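> What would the 3D arrangement of this be:
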Amino acid sequence: MPEIILHHYPQSPVSEKVRVVLGMKGLAWRSVLIPRLPPKPDLMPLTGGYRLTPVMQIGADVYCDSQCIIRELERRFPEPTLFPGGSDGIAWGVSRWTDGALFQSAIAVVFGTAEALPADFAADRGALYFGPDFDLAALKADVPHHLAQLRAQFAWMDQRIGAGRDFMLGAQPGLPDALCYYLVWFIRGRTDQGPALLSQFAHLVAWEERVRNLGHGSSSDLDSEAALAIAREARPEAPERVDPLDPLGLKPGAPVRVVSGEGSAGQAVSGRLLALDLQEVAIGRQDERVGEVAVHLPRVGYRVLPT
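Numbering: from 1, shown residues only. Okay, the predicted model is just below:
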């Protein structure tokens, strides 16, 4: 099986979510560090325009968005499962909370309490997460509201763990632990108010340490040029297939564009439709630096548009 290659950077909270999953499964993987800000010249040949972090590469198959990455890791490496007790459906539902309202409040607190946010970073991430009318002064004034939102939602987590569970689903770690942990990790490490906020929740803090101790699997560094060469020498594994009941009625080979349903900047990818099912869309595209690749994205949160 080709190696798992994760294109990421250490401070990325969503990358931490994926790194925790790699630790739960005890996987070996290659680490390619990418810039925090565009341009990302050695990532764009793989993704065709998707610029968010992280991106997973396995040969010439490129997986964008942590939903898609984690689903593929579970498919390829089903043991140990991320769904102890058969919790897979509802666990994915939890991700719409943690990656939605909870994520937005965490980002708002980190931005609103930063003392020296670099101007280029603030302009890029502000527009990405809060829209083109992003106002840092207004966000700073709204920090108490977002802290109250976090406090209430961290209390939900604390209550869950306080019911005698080591992890969110019981004795074994699973996907909800990664979904919740990455934002606890983000708040603790990226805002001065994080430790005091988290200290109010003793069960949550003990759980946080247990998840941290799972580690990130076994990683080794890989140069970005080497990752591009691996894609160039491989062929995509994604077969052409389309769910005949899919409401879009598209056929394999149709030219399509995949964009974020939430309208976030920098996520549009265009190419030839390879696969379309309930959970994933895969499109084929060509690039002179990598040849033919298949870019995989989730259905939830994205629109597939004919071109």
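> tell me which residues in the helix or strand of the chain with the lowest mean pLDDT are buried?
Using mean pLDDT, DSSP states H and E, helix 119-130 stands out as the lowest-scoring helix or strand of the chain, at a mean of 91. With burial defined by 16 or more other CB atoms under 10 Å, the residues of helix 119-130 counted as buried are 124-126, 128-130. Bear in mind the C-beta positions are built from the backbone N, C-alpha and C, glycine included.
> a helix runs through Ala106, doesn't it?
Yes. Assessed by DSSP: H, G, I helix; E, B strand; the rest coil, Ala106 belongs to a helix.
> Pull up the gap between it and Leu150, please.
Going from Ala106 to Leu150 by CB to CB, to the nearest Å gives 6 Å.
> list residues touching both of those two?
Ile187 (CB atoms under 8 Å, 6 or more residues apart in numbering).
> how about the CA coordinates for the host helix or strand of His145, as PDB?
His145 belongs to helix 143-162 when assigned by DSSP states H and E. The C-alpha trace of helix 143-162 is given here as PDB (Å, rounded to 0.1, in the frame of the first residue of the first chain):
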ATOM      1  CA  VAL A 143     -15.000  37.900  23.000                       C
ATOM      2  CA  PRO A 144     -17.000  37.600  26.300                       C
ATOM      3  CA  HIS A 145     -20.000  36.200  24.300                       C
ATOM      4  CA  HIS A 146     -17.800  33.600  22.500                       C
ATOM      5  CA  LEU A 147     -16.200  32.600  25.800                       C
ATOM      6  CA  ALA A 148     -19.600  32.000  27.200                       C
ATOM      7  CA  GLN A 149     -20.500  29.900  24.200                       C
ATOM      8  CA  LEU A 150     -17.300  27.800  24.600                       C
ATOM      9  CA  ARG A 151     -17.900  27.500  28.400                       C
ATOM     10  CA  ALA A 152     -21.400  26.000  27.900                       C
ATOM     11  CA  GLN A 153     -20.200  23.600  25.200                       C
ATOM     12  CA  PHE A 154     -17.100  22.500  27.100                       C
ATOM     13  CA  ALA A 155     -19.500  21.700  30.000                       C
ATOM     14  CA  TRP A 156     -21.300  19.300  27.700                       C
ATOM     15  CA  MET A 157     -18.000  17.400  27.100                       C
ATOM     16  CA  ASP A 158     -17.200  17.500  30.800                       C
ATOM     17  CA  GLN A 159     -20.600  16.000  31.700                       C
ATOM     18  CA  ARG A 160     -20.100  13.200  29.100                       C
ATOM     19  CA  ILE A 161     -16.700  12.300  30.600                       C
ATOM     20  CA  GLY A 162     -17.800  12.800  34.100                       C
END
